[in-house]
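J.: coordinates only, no sequence provided:
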């Protein structure tokens, strides 16, 4: 899943979430494997929702994307 994102596994981290902030960890200083380990131990630090589109994965909420997807094409 992380391979579909430009920033890899780091794009899956909810940086503004209190669970991640409470850890006091600098995301840049961690290797990808360490980030993944932290997400596995604390899944509440995962950005949500995860929206799977035919051509990409969208982590987190984006009002514009949801609005465009639900717009009547006619």
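T.: Structure received. Only a predicted model underlies this, so the values are computations on that prediction, with no experimental measurement involved. Numbers count the residues shown, from 1 in each chain.
J.: buried residues in stretch 33-47?
T.: Taking 16 or more other CB atoms under 10 Å as the basis for neighbour counts, the residues of stretch 33-47 that come out buried are 35, 36, 38, 39, 45, 46, 47. Every residue, glycine included, has its C-beta placed from N, CA and C.
J.: how about residue 21: what's its closest non-neighbour residue?
T.: Distance criterion CB to CB, 6 or more residues apart in numbering; nearest residue to residue 21, sequence neighbours excluded, is residue 15 at 7.7 Å.
J.: surely that neighbour and residue 25 touch.
T.: No - here residue 15 does not reach residue 25: they are 10.4 Å apart, not a contact under CB atoms under 8 Å.
J.: backbone dihedrals for residue 59, both of them.
T.: The main-chain torsion angles of residue 59 are listed as degrees, to the nearest 10 and equal phi -90, psi 140.
J.: now the lengthiest helix in the chain: average pLDDT?
T.: Across the chain, the helix with the greatest residue count (assigned by DSSP state H) is helix 32-41. Helix 32-41 comes out with an average pLDDT of 92.
J.: figure out how far it is from the centre of its chain.
T.: Using CA atoms, centre = their mean, to the nearest Å, the mean C-alpha position of helix 32-41 is found 13 Å from that of the whole chain.
J.: hmm, who's touching it?
T.: Helix 32-41 has contacts (CB atoms under 8 Å, 6 or more residues apart in numbering) with 2, 8, 9, 10, 12, 13, 23, 25, 27, 30, 45, 46.
J.: Throw those residues into TSV and include secondary structure and distance to residue 60, thanks.
T.: Shown next, in TSV, are these (DSSP: H, G, I helix; E, B strand; the rest coil; distance: CB to CB, whole Å):
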residue	secondary structure	distance to residue 60
2	helix	14
8	helix	15
9	helix	14
10	helix	13
12	helix	9
13	strand	10
23	helix	19
25	coil	19
27	helix	15
30	coil	19
45	helix	12
46	strand	10
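J.: put the buried members of the residues you listed into a PyMOL selection.
T.: For selection in PyMOL, the members of the contacts of helix 32-41 meeting the burial criterion (16+ other CB under 10 Å) are listed in this command:
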select buried, resi 2+9+10+12+13+30+45+46
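J.: all set, thanks.
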